[in-house]
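Student: return a 3D structure for these sequence lines:
(2 chains)
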Amino acid sequence: GAVVSQHPSWVICKSGTSVKIECRSLDFQATTMFWYRQFPKQSLMLMATSNEGSKATYEQGVEKDKFLINHASLTLSTLTVTSAHPEDSSFYICSALLDKGEAFFGQGTRLTVV
Amino acid sequence: GDSVTQMEGPVTLSEEAFLTINCTYTATGYPSLFWYVQYPGEGLQLLLKATKADDKGSNKGFEATYRKETTSFHLEKGSVQVSDSAVYFCALSDHQGAQKLVFGQGTRLTINP
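Tutor: Residues are numbered from 1 along each chain as shown, chains lettered A, B, ... in the order given. As a prediction, the model looks like this:
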């Protein structure tokens, strides 16, 4: 099947700094990628839909200035958590949409803000 | 809005036991339904799906039937193996295919030898 790679798998950063997470579709082109956030023992919550060459569409309650999404190519979307604080600590997961409609997921990135 | 409710875990079974993980949904339209599995250290993988009422999705011995009358999509397997230990997510999409997905909270399954 298609492969989606996220990097890094885990990251620890200091409060107030910014962190960038990459999501790459390795063997297919994806015009649409999604970013999710998962709290412990809870479901995946969709944060935003990332479309190549255009602005991301954010879900209600997600701060677009806090979570910057860039989808500059058909194989790469990035999520930047700006001025991170401990409450941003979470598991972030991306998925990329294959043309026939199936979504493939990255392995996730665990962010810890100290 | 649309929502998915899964049975709470964790679920622990012995090898060769019968598995059921319940999933019910609320949706305004006619969603597609999915089961995803997440093995330790890996991303979510599509396990099976059903796109219309009475469809049965199946894969790797797992089955789930889209029941519109009960708004359910329960996951079943007749004889589980240790390698089935993972977290299972039920999800729906209100579009054809897997576009914007709404997930249940996940059920952690552990199979003991």
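Student: phi and psi next, for B:Asp84.
Tutor: Phi and psi for B:Asp84, reported as degrees, to the nearest 10, are phi -80, psi -10.
Student: local confidence estimate at it?
Tutor: B:Asp84 carries a pLDDT score of 97 in this model.
Student: from what I can see it touches B:Lys77, true?
Tutor: Yes - between B:Asp84 and B:Lys77 a contact is recorded at 7.0 Å, counting by CB atoms under 8 Å. Every residue, glycine included, has its C-beta placed from N, CA and C.
Student: give me the common contacts of these two.
Tutor: Here B:Asp84 and B:Lys77 have B:Leu19 as joint contacts, going by CB atoms under 8 Å, 6 or more residues apart in numbering or on different chains.
Student: what ranges do the strands span in chain A?
Tutor: Along chain A, counting by DSSP state E, strands occupy A:4-7, A:10-13, A:19-25, A:32-38, A:44-51, A:57-58, A:67-73, A:76-81, A:90-97, A:103-105, A:109-113.
Student: what about residue 61, how many neighbours?
Tutor: Unless you meant another one, I'm taking chain A. By other CB atoms under 10 Å in any protein chain shown, the residues close to A:Gly61 number 7.
Student: ah, no, chain B please
Tutor: Other residues near B:Gly61 come to 13 when the count uses other CB under 10 Å.
Student: ok, now which ones touch it?
Tutor: Taking CB under 8 Å, 6+ apart as the criterion, B:Gly61 is in contact with B:Lys77, B:Gly78, B:Ser79.
Student: can you give me the pLDDT of the residue nearest to the last one when sequence neighbours are not counted?
Tutor: Closest residue in space to B:Ser79, ignoring its immediate chain neighbours: B:Glu16 at 4.8 Å, by CB to CB, 6 or more residues apart in numbering or on different chains. With respect to pLDDT, B:Glu16 has a value of 96.
Student: show me the contacts for B:Glu16.
Tutor: Contact analysis of B:Glu16 by CB under 8 Å, 6+ apart lists B:Ser79, B:Val80, B:Gln81.
Student: now swap in A:Gln6 and tell me
Tutor: A:Ile21, A:Glu22, A:Cys23, A:Arg24, A:Tyr92, A:Ile93, A:Cys94, A:Gly106, A:Gln107, A:Gly108, A:Thr109, B:Gly43.
Student: whichever residue of chain A sits closest to chain B and A:Thr80, how far apart?
Tutor: Going by CB to the nearest CB, chain B is nearest to A:Gly101 of chain A, at 2.2 Å. Distance of A:Gly101 to A:Thr80, given as CB to CB, to the nearest Å: 28 Å.
Student: tell me which residue is most central in chain B.
Tutor: B:Trp35 (3.3 Å; CA atoms, centre = their mean).
Student: then chain A?
Tutor: Closest to where the C-alpha atoms of chain A average out (CA atoms, centre = their mean) is A:Trp35, at 3.8 Å.
Student: residues of chain A that sit close to chain B?
Tutor: A:1, A:4, A:6, A:32, A:34, A:36, A:41-46, A:49, A:93, A:95, A:97, A:100-108 (CB under 8 Å from any CB of the partner chain).
Student: for the helix or strand of chain A with the lowest mean pLDDT, packing partners?
Tutor: One helix or strand of chain A scores below all others by mean pLDDT, DSSP states H and E: strand A:103-105, with a mean of 89. Packing partners of strand A:103-105 (3 or more CB pairs under 8 Å, 6 or more residues apart in numbering or on different chains; DSSP states H and E): strand A:90-97, strand B:44-50.
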